[in-house]
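**Student:** Quick one, what's the 3D model for this:
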Amino acid sequence: MKGFKYIVAIAFLSLSLSLFSQETKMIKNRRKMLAKQEVAKKKAGEKAMDEGRERHRNIQTKAVKKRMKKQAKRSKAVNRQRSGKKKSFFVRIFGSK
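**Tutor:** You can find the predicted model right below:
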């Protein structure tokens, strides 16, 4: 009788473990699918943002485009200087110390 109880207990244990492993496979697949959807959503958002920026640039007048370009160059130079990168040749020679 003891042997029968052990066999039944082992059978239930193995059955429950196999069912649990199937559940984890389904959960893993669901998580993978959600991750893919999240990446696709993020990519679509970035694409929409880029298209919006491009549209904004295209509807500007020529003078405004010129000012925007000049300001972008200034901003890039200031950010480079703030980050501690190497200053330009002329600034190093003729700039104040």
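**Student:** since we're on residue 16, how many residues are nearby?
**Tutor:** Neighbour count for residue 16, taken as other Cβ atoms under 10 Å: 10. In short, each C-beta sits where N, CA and C put it, glycine included.
**Student:** List phi and psi for residue 87.
**Tutor:** Here the main-chain torsion angles of residue 87 (degrees, to the nearest 10) amount to phi -80, psi 160.
**Student:** dump the residue contacts of it.
**Tutor:** Counting by Cβ atoms under 8 Å, 6 or more residues apart in numbering, residue 87 makes contact with 81, 95.
**Student:** again, but for residue 75
**Tutor:** Contacts of residue 75 (Cβ under 8 Å, 6+ apart): none.
**Student:** Okay, and it sits in which element?
**Tutor:** Element membership for residue 75, per DSSP states H and E: helix 62-82.
**Student:** Over to residue 6?
**Tutor:** helix 2-58.
**Student:** Mind giving me the packing neighbours of that helix?
**Tutor:** Applying 3 or more Cβ pairs under 8 Å, 6 or more residues apart in numbering; DSSP states H and E, we find helix 2-58 packed against no helix or strand.
**Student:** what packs against the worst-scoring helix or strand of the chain on mean pLDDT?
**Tutor:** Ranked by mean pLDDT, DSSP states H and E, the helix or strand of the chain with the weakest confidence is helix 89-94, at a mean of 81. Packing partners of helix 89-94 (3+ Cβ pairs under 8 Å, 6+ apart): none among the helices and strands.
**Student:** CA atoms only for that helix - export them in PDB, please.
**Tutor:** Taking Å, rounded to 0.1, in the frame of the first residue of the first chain, the C-alpha atoms of helix 89-94 are listed here in PDB:
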ATOM      1  CA  PHE A  89      42.200  76.100 -33.400                       C
ATOM      2  CA  PHE A  90      41.400  79.800 -33.500                       C
ATOM      3  CA  VAL A  91      39.900  80.000 -30.000                       C
ATOM      4  CA  ARG A  92      43.000  78.300 -28.600                       C
ATOM      5  CA  ILE A  93      45.400  80.800 -30.300                       C
ATOM      6  CA  PHE A  94      43.400  84.000 -30.200                       C
END
